[in-house]
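1. pasted the sequence and its predicted model underneath.
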Amino acid sequence: QWSSVPKGPPDAILGISEAFKRDKNPRKVNLGVGAYRDDSGKPVILPSVQKAKSIILETPDHEYLPIDGLNKFTQLATSLAYDNASPLKDHRVASIQSLSGTGALRLGMAFIKRFYPYSGKVYIPNPTWGNHKAIIQHSGLEFIEYTYYDPNTKGLNIEDFLGEIDSAPKNSIFLLHACAHNPTGVDPSQDQWREIQDLMARKQHLAIFDMAYQGFASGDVDKDAFAVRLFANEENPMIVMQSFAKNFGLYGERIGNLSVVCNSSQEVDRVSSQLKILARPMYSNPPIYGSRIVSTILGNPELKNQWLVDVKTMADRIINMRSSLVKLLESKGSLHDWSHIVKQIGMFAYTGLLPENCNELMDKHHIYLTMDGRISMAGLNSKNVEYVAEAIETVTRF
Ligand code: PMP
């Protein structure tokens with residue numbers, strides 16, 4: 001019956017984890033997958049999450065959530081992103097709990113496909129998180145890449161980015177990374193965000209914010225929400241897809257939030273009803289545990305303060321690893337300029353390593369990374385960073 005089914009290719013990122021698991025060398029290092037590890041290379045349960053879990057134990061039922069999730073969670077999650085931006089103050093934001101960031105993106109794209117009255121082509125940055133293209137296509141939409149990264153400066157190509165926003169037809173859809181752009185780690189400055197927003201508003205483009213790293217990027221949840229709050233206060237048409245995988249360390253709990261800014265509370269009612277109609281045949285209702293954890297933390301000032309410390313601890317460790325890696329590369333005698341690694345932000349560094357360097361790192365040094373030269377900074381720690389620096393210096397020697 002299924003004899004005509006061809007074997008598909010392995011997932012580019014998860015395939016690397018498989019290869020890492022098979023490697024028996026004790027020095028092996030996994031810099032592929034974007035999941036936080038502490039300085040001993042172990043996954044972490046945040047202290048705030050641990051406390052919330054002990055509180056939740058007291059209400060151990062396993063009832064279904066409503067289709068749109070736990071109301072307390074969606075409210076708290078939405079205000080974490082928007083703070084007191086005007087659409088939220090005016091009760092003009094429709095929100096629905098989602099299956100982490102991926103689920104928020106998938107549901108948001110389904111909503112756009114069904115209801116956006118203009119062209120359903122989604123502009124995405126080049127490069128972007130690998131799953132964006134598949135999510136867009138899976139939702140029956142098309143994508144077009146816009147210029148974002150400049151390989152020469154290893155920074156943002158703001159001129160071409162603005163040029164392409166300007167030349168796109170009015171009411172186009174632009175996917176933006178709210179902070180900690182994946183894979184490049186290159187974000188616009190606050191002034192550049194203002195320019196982007198101003199032009200987007202003039203063109204009446206719809207902004208879709210993928211917000212997977214709030215707090216995780218700079219260690220400051222408000223700073224990382226700058227772009228989202230700017231667009232919201234300027235009444236830019238926008239949709240936000242939040243993930244709580246990284247900033248709460250709740251990867252496998254699949255907890256996220258999709259929010260659509262509307263023009264009136266009546267519009268919120270209509271949009272919310274349609275988001276539920278879209279979610280119901282896909283998965284009926286979202287999982288309960290993650291929403292309980294996040295809402296317990298965000299709804300309790302003491303736990304929230306603890307969480308702000310927890311998320312900053314993770315961000316700071318990564319920021320320290322960036323400077324350690326660069327210092328070690330220099331002390332090993334590397335003649336390349338690695339300063340971009342310190343300038344980049346978030347989970348990843350976009351090293352500029354070529355595919356042949358990546359292959360050599362994997363084959364000879366047991367260091368695993370994606371072929372675009374992206375490394376997960378969270379995979380580095382005080383015990384392996386020197387080994388990694390030495391290997392990178394060796395494979396990139398002139
Ligand atoms: N967007 C970006 C840019 C990401 O890096 C990720 C996680 N790798 C996601 C969305 C979604 O992740 P999740 O579905 O685990 O929340």
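-> That came in fine, so what should we check first? Values in this document were obtained by computation on a predicted structure and should not be read as measured data.
2. who are the neighbours in contact with residue 10?
-> Residue 10 sits next to residue 18 when contact means C-beta atoms under 8 Å, 6 or more residues apart in numbering. For every residue, glycine as well, the C-beta is placed using N, CA and C.
3. how about it, secondary structure?
-> On the three-state scheme (DSSP: H, G, I helix; E, B strand; the rest coil), residue 10 is labelled coil.
4. which other helices and strands does the helix or strand hosting residue 259 contact?
-> Following DSSP states H and E, one finds residue 259 within strand 255-261. Using 3 or more C-beta pairs under 8 Å, 6 or more residues apart in numbering; DSSP states H and E, the elements in contact with strand 255-261 are helix 71-82, strand 93-99, helix 100-115, strand 238-243, helix 265-283, helix 289-298.
5. near the ligand at all, the fifth one?
-> By that I understand helix 265-283. No - judged by C-beta under 6 Å from any ligand atom, helix 265-283 stays clear of the ligand, getting no closer than 13.4 Å.
6. the ligand contacts on the stretch 151-300 of the chain?
-> So far as C-beta under 6 Å from any ligand atom goes, the stretch 151-300 of the chain lies against the ligand at 177, 182, 210, 212, 243, 245, 251, 256.
7. touching, the last one and residue 97? I think so.
-> Going back to what we said before, that points to residue 256. Yes - the criterion here is C-beta atoms under 8 Å, and residue 256 meets it with residue 97 at 7.3 Å.
8. contacts only, for the residue nearest to residue 359 when sequence neighbours are not counted.
-> Nearest residue to residue 359, sequence neighbours excluded (C-beta to C-beta, 6 or more residues apart in numbering): residue 371, at 7.9 Å. Counting by C-beta under 8 Å, 6+ apart, residue 371 makes contact with 12, 355, 358-359.
9. and residue 371, what element?
-> Counting by DSSP H and E, residue 371 is part of no helix or strand.
10. now the strands for the chain?
-> Residue ranges of the strands in the chain, as given by DSSP state E, are 29-30, 93-99, 121-126, 142-147, 149-150, 155-156, 173-177, 206-211, 238-243, 255-261, 348-350, 367-368, 374-376.
11. dump the helices and strands packed on strand 255-261 to CSV, plus mean pLDDT and mean neighbour count.
-> As requested, the helices and strands packed on strand 255-261 are exported to CSV (pLDDT from 0 to 100; neighbours: other C-beta atoms under 10 Å):
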stretch, mean pLDDT, mean neighbour count
helix 71-82, 98, 21
strand 93-99, 98, 27
helix 100-115, 98, 22
strand 238-243, 98, 27
helix 265-283, 98, 15
helix 289-298, 98, 24
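12. reformat those as TSV; add distance to residue 157.
-> Shown next, in TSV, are the helices and strands packed on strand 255-261 (distance: least, C-beta to C-beta, whole Å):
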stretch	distance to residue 157
helix 71-82	27
strand 93-99	31
helix 100-115	24
strand 238-243	23
helix 265-283	35
helix 289-298	36
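13. quick one: contacts of stretch 295-315?
-> Contacts with stretch 295-315, where a contact means C-beta under 8 Å, 6+ apart, come from 36, 44, 46-49, 51-52, 55-56, 70, 72-73, 76-77, 80, 215-221, 247-249, 378.
14. any idea of the pLDDT on the residue nearest the centre of the chain?
-> Nearest to the centroid of the C-alpha atoms of the chain, with distances taken as C-alpha atoms, centre = their mean, sits residue 212, at 2.9 Å. Looking at residue 212, its pLDDT reads 98.
15. returning to what we had before: now the contacts of stretch 295-315: which count as buried?
-> Using 16 or more other C-beta atoms under 10 Å as the burial test, those include 36, 44, 46, 48-49, 51-52, 70, 73, 76-77, 80, 215-219, 221, 247-249, 378 as buried.
16. quick one, domains of the protein?
-> As given by automatic domain parsing, the domain ranges for the chain are 12-45+315-395, 65-299.
17. right, so those domains: which one is the most enclosed?
-> Across the domains of the chain, averaging neighbours per residue (mean count of other C-beta atoms under 10 Å) puts domain 65-299 on top, at a mean of 20.
18. can you give the distance of that one from its chain's centre?
-> Here the centre of domain 65-299 is set off from its chain's centre by 10 Å, with C-alpha atoms, centre = their mean, to the nearest Å.
19. what sits against the closest residue in space to residue 14 that isn't next to it in sequence?
-> Excluding the flanking residues, the one nearest residue 14 by C-beta to C-beta, 6+ apart is residue 33, at 7.3 Å. Applying C-beta under 8 Å, 6+ apart to residue 33 gives the contacts 13-14, 16-17, 376, 379.
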